[in-house]
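1. Here is a sequence with its predicted model. Questions after.
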Amino acid sequence: MNEYDSSKMLDLMRSERNMEQTEDVFSADLILLNTCSIREKPQEKVFSQLGRWKDYKKNNPNVVIGVGGCVASQEGEKIINRAPYVDIVFGPQTLHRLPKMYDDVLSSRKSLVDISFPKIEKFSVLPKTPDIKPSAFVSIMEGCSKFCSFCVVPYTRGLEVSREPEGILDEIKDLVARGVKEINLLGQNVNAYRAKDKDGTKLKLADLIDRVSLVDGIKRIRFTTSHPLQFTDDLINTFENPKLANYLHLPVQSGSNKILQLMERKHKVELYIDRINKLRSLRPDISISSDFIVGFPGETDSDFQETLDLIDTIGFDQSFSFIFSPRPNTPASEMEDTTDYKIKLQRLGQLQSKINENSRHISKSMVGSDQMVLVEKKSKKTNNQLSGRTENNRWVNFDGHEDLIGQMIELRITEALPNSLRARIIN
C-alpha cells in the first residue's frame, strides 16, 4: 500500500506541477518522506532521516519537505514540533491534496498539517499513472475496522471504506489497455470489500474478482492483505478461477488461541486451519504466506511452540515476521510484557528458520516443472537475462530477449537458489 501511495504522490506532482523525479535529494525542490508506523523502528528512522536534511533546508529555504503516510497521520503536529523545518504533514487519505498544500506553503511560508479522513475522495482526483509495468497495484478499499489490540492502522488510515466497482474497473481497463497483464487488488483488509454497483447490486471481493477476470487482457489476479474471519467460502470458491494466482497471503499472527484472544484477532487457530484445508481442496499445491508477531505480551514457550506447530501443519511458504512492537494508543501497548528481549530474538530466529526451510523445500520441488511466468524486467545481475514471477510469487531469472518483457511465457525451472529460481524458455 505504501508503494502504491508513493507512486500516486509522484503522479500528482508530475501531472499537476510539472515536476520530475530526481534521485539526488540535494537537487530537489520538494522532498517527500512516505512513512509506516506498523512498528517502532521504521517510525524512528523517519526522524533520523529528517535530521539529515536539516542543514540542507537551512541553506536552501525554498526547498519544501513533506512527511506523509501513517507516521504523519499518527503524530500530526508533533512532527512539526520535533522537526520545525518540515513544511507539510499529510496522511494517507489526504495525499491527493499535496499539490495545493505545496502551493500554500510556498506562498504563506507556514507549515501545513492535514491528517483528516475524507474517505475515498482521493480516488476521484488521482491522475492516471504514466509508469506502466507488467504488474500493477490497484487500491480497492482503505482502512480497517478490526481493531486488533496491537495494530495502529485503524487510527492512521481510518475505518474500512470501499471504492465503487465502476471506478476500480475503469482504472483496471485503462492499465490493461496500456500493457498491464497482472492486477494486485489492495486493501488493509481487502476481503472486507463491500460496495454496490450503479445498479444497486451488492458486491463482495469474490464478485469483484469475477468482474476483474472478465476484463479482456487480464492474465493474472492477486489480492492482499486478508483477514481469516472474512476469508469465507465464496472467496475460497473464487480460486476455481484460473486467473487467480496460486498464492495467498493470509495473516494468522500466532498459533496460540490464548495469544490470538489477547491480540483481539477474533478468530481461532482451528478456523484458520479449516479455511486453508478448504482452499487446498481446490488448489492442493497453493503457496501460503502469513504474518507472525513473536514475543507478544503474555506469550510463553508453550504458546510459541503452538505457533511452530501451526507452521508445520500449514507448511507456510513465506512470512513477514517481527518481534512485537508496542504502538501508541493501542491496548497491547498497556499490557505487561515480562519476556526477555533475547528470548524474543531467539524465537524470531527459530520461526524464520523453519519457514525458510519450508520455502527452500518448495523451491527445490519446482525444479523440472513448467511454470507460467510474467516477465517483468531485465535481471539486475546479468544484462542478457530477464526476470519474472511465478504464480507462487518466486522470482525467476532466465536467458531471453527484452522484447519478452510484459509477456506471459512458459519456463522450465532448472535450478533453485536461496532467493530465486533459474529457468529456460521451453519453446
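-> Sure thing, it's come through.
2. Got phi/psi on Ile413?
-> Main-chain dihedrals, Ile413, degrees, to the nearest 10: phi -70, psi 130.
3. residue contacts, it?
-> Met366, Val367, Gly368, Ser369, Asp370, Gln371, Val396, Leu421, Arg422, Ala423 (C-beta atoms under 8 Å, 6 or more residues apart in numbering). Quick note: C-beta positions are derived from backbone N, CA and C, even for glycine.
4. Buried only: go through these for me.
-> Among the contacts of Ile413, those classed as buried by 16 or more other C-beta atoms under 10 Å are Met366, Gln371, Val396, Leu421, Arg422, Ala423.
5. secondary structure element for the fifth one?
-> Translated: Arg422. Using DSSP states H and E, Arg422 sits within strand 421-425.
6. Counting by contacts, list what that strand packs against.
-> Contacts defined by 3 or more C-beta pairs under 8 Å, 6 or more residues apart in numbering; DSSP states H and E place strand 421-425 against strand 395-399, strand 408-416.
7. Can I get the contacts of Ile413 in TSV including distance to Leu351?
-> Formatted as TSV, those follow (distance: C-beta to C-beta, whole Å):
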residue	distance to Leu351
Met366	23
Val367	26
Gly368	30
Ser369	28
Asp370	33
Gln371	28
Val396	27
Leu421	24
Arg422	28
Ala423	30
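8. quick one: Phe47 from Tyr85, how far?
-> 12 Å (C-beta to C-beta, to the nearest Å).
9. Could you check which of those two has the larger neighbour count?
-> Comparing Phe47 with Tyr85 by other C-beta atoms under 10 Å, the one with more neighbours is Tyr85, at 17 against 14.
10. Secondary structure element holding the more buried one?
-> Per DSSP H and E, there is no helix or strand for Tyr85.
11. In contact with it, which residues?
-> With contacts defined as C-beta under 8 Å, 6+ apart, Tyr85 is in contact with Leu50, Trp53, Lys54, Lys57, Lys58, Ile65.
12. change it to 10 Å
-> Going by C-beta atoms under 10 Å, 6 or more residues apart in numbering, Tyr85 touches Leu50, Gly51, Trp53, Lys54, Asp55, Tyr56, Lys57, Lys58, Pro61, Val63, Ile65, Ser111.
13. Out of the residues you listed, name the ones that lie in strands.
-> Counting by DSSP state E, the part of those found in strands is Ile65.
14. Quick one: buried ones out of the contacts of Tyr85?
-> Buried subset of these (neighbour count, 16+ other C-beta under 10 Å): Leu50, Trp53, Lys57, Val63, Ile65, Ser111.
15. And the pLDDT for Val176?
-> Among the per-residue scores, Val176 holds a pLDDT of 97.
16. how far away is the nearest residue to it once chain neighbours are set aside from Asn246?
-> If the residues on either side of it in the chain are set aside, Val176 comes closest to Gly217, at 4.1 Å by C-beta to C-beta, 6 or more residues apart in numbering. Gly217 sits at a distance of 20 Å from Asn246 (criterion: C-beta to C-beta).
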